[in-house]
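S.K.: After the sequence you'll find the predicted model.
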Amino acid sequence: MAVNVCQNCGSRRFRADRSMAGRLVCQNCGLAAGTRPTRPTPRSSGRSHRRRWLVIVLLAVIMLVVITS
């Protein structure tokens, strides 16, 4: 299987690393070919932020109704 593009940075520049038994390594980011980078924290979707704002607005409206009545 030929690796054409790095899955991390998109570079096409690879070299064989002798310390990794000749495995191809990207010259830009240093990641081994065929592996994906590990993210320390998963990306959060915008849904959680939207829900938080929705709850805050809903609580504010309820407080406004309680105070004005």
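M.R.: Okay, I see it. Numbering: from 1, shown residues only.
S.K.: Could I get the contacting residues of Cys6?
M.R.: 12, 14, 26, 28-29, 31, 33 (CB atoms under 8 Å, 6 or more residues apart in numbering). For the C-beta atoms, the positions are set from N, CA and C on the backbone; glycine is no exception.
S.K.: Which one of the residues you listed sits in the busiest neighbourhood?
M.R.: Sorting the contacts of Cys6 by how many neighbours each has (other CB atoms under 10 Å) puts Cys26 first, at 22 neighbours.
S.K.: then the worst-scoring helix or strand of the chain on mean pLDDT to PDB, C-alphas only?
M.R.: Every helix and strand in the chain was compared by mean pLDDT, DSSP states H and E; the lowest is helix 46-68, with a mean of 85. Coordinates of the C-alpha atoms in helix 46-68 are reproduced here as PDB (Å, rounded to 0.1, in the frame of the first residue of the first chain):
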ATOM      1  CA  GLY A  46     -21.500  23.200  19.200                       C
ATOM      2  CA  ARG A  47     -24.500  21.500  20.600                       C
ATOM      3  CA  SER A  48     -23.400  21.600  24.200                       C
ATOM      4  CA  HIS A  49     -22.800  25.300  24.000                       C
ATOM      5  CA  ARG A  50     -26.200  25.900  22.400                       C
ATOM      6  CA  ARG A  51     -27.900  23.900  25.100                       C
ATOM      7  CA  ARG A  52     -26.100  25.800  27.800                       C
ATOM      8  CA  TRP A  53     -27.200  29.100  26.300                       C
ATOM      9  CA  LEU A  54     -30.700  27.800  25.900                       C
ATOM     10  CA  VAL A  55     -30.900  26.800  29.500                       C
ATOM     11  CA  ILE A  56     -29.500  30.200  30.600                       C
ATOM     12  CA  VAL A  57     -32.100  32.100  28.500                       C
ATOM     13  CA  LEU A  58     -34.900  29.800  29.700                       C
ATOM     14  CA  LEU A  59     -33.900  30.400  33.400                       C
ATOM     15  CA  ALA A  60     -33.700  34.100  32.800                       C
ATOM     16  CA  VAL A  61     -37.200  34.200  31.300                       C
ATOM     17  CA  ILE A  62     -38.600  32.100  34.200                       C
ATOM     18  CA  MET A  63     -37.000  34.500  36.700                       C
ATOM     19  CA  LEU A  64     -38.300  37.500  34.800                       C
ATOM     20  CA  VAL A  65     -41.900  36.000  34.900                       C
ATOM     21  CA  VAL A  66     -41.600  35.200  38.600                       C
ATOM     22  CA  ILE A  67     -40.300  38.700  39.500                       C
ATOM     23  CA  THR A  68     -42.900  40.600  37.400                       C
END
